[in-house]
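Student: Starting from these lines, generate the structure:
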Amino acid sequence: MDRRKFLKTTAAAGAITMAVGPSMFGSAAMAADSTIKSTHGSGFCNLNIFLSHAVQTAKEDGLTLEFVNTPTFAEQVTFLGIGQVDVGLMPYTSFMALYDAGAPVKVVAGGGIEGCVIVARPGLDSAEKLKGKTLATFQLDTLEVMPYDWLKKHGVSFNDITVRYMGSTPEAVEAFKAGAVDWICTIEPYGTALVNDVPGAVMLSDGTDIYGKGYTDCVLAARSSLIDENRDGLKALIKGMMKAQSMAESDPAGTLEKLVGTYYKTSMENAKVAMEKQPAVVDARSQTDFILDRTDSLVEMGYIKNKPDRNAIDWGPLEEVIAENADLFGKLKYKAA
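Tutor: Coordinates of the predicted model:
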């Protein structure tokens, strides 16, 4: 068994199987109506949920947002599957793997759009030149599917490269800077920073060349039990994230002052770049087909056996929040309608 298949079997399949064991399908993690527990990632697609946590935007609706931090990306996903948290802001690809494995989860809102980039070391300016080279990425992440799709578009097989799965974004970035990997798929602001910091580094793609403008990266996923048993709490969270989006769009500088250093370990300059290149967007309804179509790649890569259907997504609570808060929704710059 080659390294990739071994990793796929032990790290991905094993974690997902553990995550959806039948004894864990209950709502053990269901908090009181006034608290929702969440995991999160590190990119700017998390901005709305970060800001919601920083200033507790749902407090006036009786909800407290509580973060459960995990040491690795894999555990961020697993915690939602086993019911240790109620919601998670995660790559839609990771969600699909959980859903395919039988976890009782649904996509209920958006995270962010665009902001995923492929950067290569000097001289590696084409897909053909990447054959035999080492990619730094994350397993079951949009940051793995994107290079797969990009190579496929340019006629190169994913089997022709070496994949190195990283534990965190800072680890991947440092590996690229040190020359330990040849190319990387990462998020802003790290992509732009690498091009600036590594002389001759090449940005091969920002995703729009294969996915088009406004493609989604992450989604807010919720346990089905939360939707059924604490719908008001979930709606308060979504409303709070809309408030955060409005705050970020109207006062980007003030927003970054609240988040950089505590939630984002980067410079203010890099944060400004990332905020512009990866806007956080709650209303992802226009991305329904895009999210479901990306499952073709997950099937080809061997991560899921069946293509999830429209039942994997429930925009119901989001649409109720929109209908009940027309003024707030109307102020948002980025939205589906």
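Student: Please identify the buried residues of stretch 288-296?
Tutor: If you call a residue buried by 16 or more other Cβ atoms under 10 Å, then stretch 288-296 has these buried ones: Thr288, Ile291, Leu292, Arg294, Thr295. C-beta: built from backbone N, CA, C; applies to glycine.
Student: Show me how the record splits this protein into domains.
Tutor: When the chain is parsed with automatic domain parsing, its domains come out as 3-112+215-331, 116-211.
Student: could I get the buried residues of stretch 288-296 as a markdown table with distance to Val202 and pLDDT?
Tutor: Output for these, formatted as a markdown table (distance: Cβ to Cβ, whole Å; pLDDT from 0 to 100):
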| residue | distance to Val202 | pLDDT |
| --- | --- | --- |
| Thr288 | 33 | 94 |
| Ile291 | 29 | 90 |
| Leu292 | 32 | 90 |
| Arg294 | 25 | 84 |
| Thr295 | 30 | 85 |
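Student: partners of the helix or strand harbouring Val119, with directions?
Tutor: The secondary structure element spanning Val119 is strand 116-120 (assigned by DSSP states H and E). Paired with strand 116-120 in the same sheet, following DSSP bridges, are strand 183-187 (antiparallel), strand 202-205 (antiparallel).
Student: Just the C-alphas of it, formatted as CSV.
Tutor: Taking only C-alpha atoms (Å, rounded to 0.1, in the frame of the first residue of the first chain), the coordinates of strand 116-120 have been written out as CSV:
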residue,chain,number,x,y,z
CYS,A,116,-7.7,29.6,-1.9
VAL,A,117,-4.4,29.8,-3.7
ILE,A,118,-1.7,27.5,-5.2
VAL,A,119,1.8,28.7,-4.9
ALA,A,120,4.9,26.9,-6.3
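Student: what's downstream of it, the next helix or strand?
Tutor: On the C-terminal side of strand 116-120, the nearest following helix or strand under DSSP H and E is strand 134-137.
Student: can you list contacts of that next one?
Tutor: Contacting residues not belonging to strand 134-137 are listed as 143-144, 147, 161-166, 172, 175-176, 180-186 [Cβ atoms under 8 Å, 6 or more residues apart in numbering].
Student: Please find the angle between the direction vectors of the helix or strand hosting Ala271 and strand 183-187.
Tutor: For Ala271, the element it lies in under DSSP H and E is helix 268-277. In this structure, helix 268-277 runs at an angle of 80 degrees to strand 183-187, with axes from the mean of the first three to the mean of the last three Cα atoms, to 10 degrees as the basis.
Student: What is helix 268-277 packed up against?
Tutor: When contacts are defined as 3 or more Cβ pairs under 8 Å, 6 or more residues apart in numbering; DSSP states H and E, helix 268-277 packs onto helix 190-197, helix 252-259.
Student: Out of the contacts of strand 134-137, list just those in helices.
Tutor: Among the contacts of strand 134-137, the residues falling in helices (DSSP state H) are Leu143, Glu144, Pro147, Ala172, Ala175, Phe176.
Student: any idea which of those residues is the one closest to Ala103?
Tutor: Glu144 (19.6 Å; Cβ to Cβ).
Student: Scan this protein for its longest helix.
Tutor: helix 231-250.
Student: Return the set of buried residues in that one.
Tutor: Across helix 231-250, burial judged by 16+ other Cβ under 10 Å covers 233-249.
Student: Just give me the neighbour total for Ala97.
Tutor: Counted with other Cβ atoms under 10 Å, residues neighbouring Ala97 total 24.
Student: Would you agree it is in contact with Gly302?
Tutor: No. The pair Ala97 and Gly302 fails to qualify as a contact (Cβ atoms under 8 Å) at a distance of 10.8 Å.
Student: could I get the helix holding Ala271 in PDB with only the CA atoms?
Tutor: This file holds the C-alpha atoms of helix 268-277, laid out as PDB (Å, rounded to 0.1, in the frame of the first residue of the first chain):
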ATOM      1  CA  MET A 268      -2.300  43.600  10.100                       C
ATOM      2  CA  GLU A 269      -1.100  44.100   6.600                       C
ATOM      3  CA  ASN A 270      -1.500  40.500   5.700                       C
ATOM      4  CA  ALA A 271      -4.900  40.400   7.400                       C
ATOM      5  CA  LYS A 272      -6.100  43.300   5.200                       C
ATOM      6  CA  VAL A 273      -5.100  41.400   2.100                       C
ATOM      7  CA  ALA A 274      -6.900  38.300   3.300                       C
ATOM      8  CA  MET A 275     -10.000  40.100   4.200                       C
ATOM      9  CA  GLU A 276     -10.200  41.600   0.700                       C
ATOM     10  CA  LYS A 277      -9.400  38.300  -1.100                       C
END
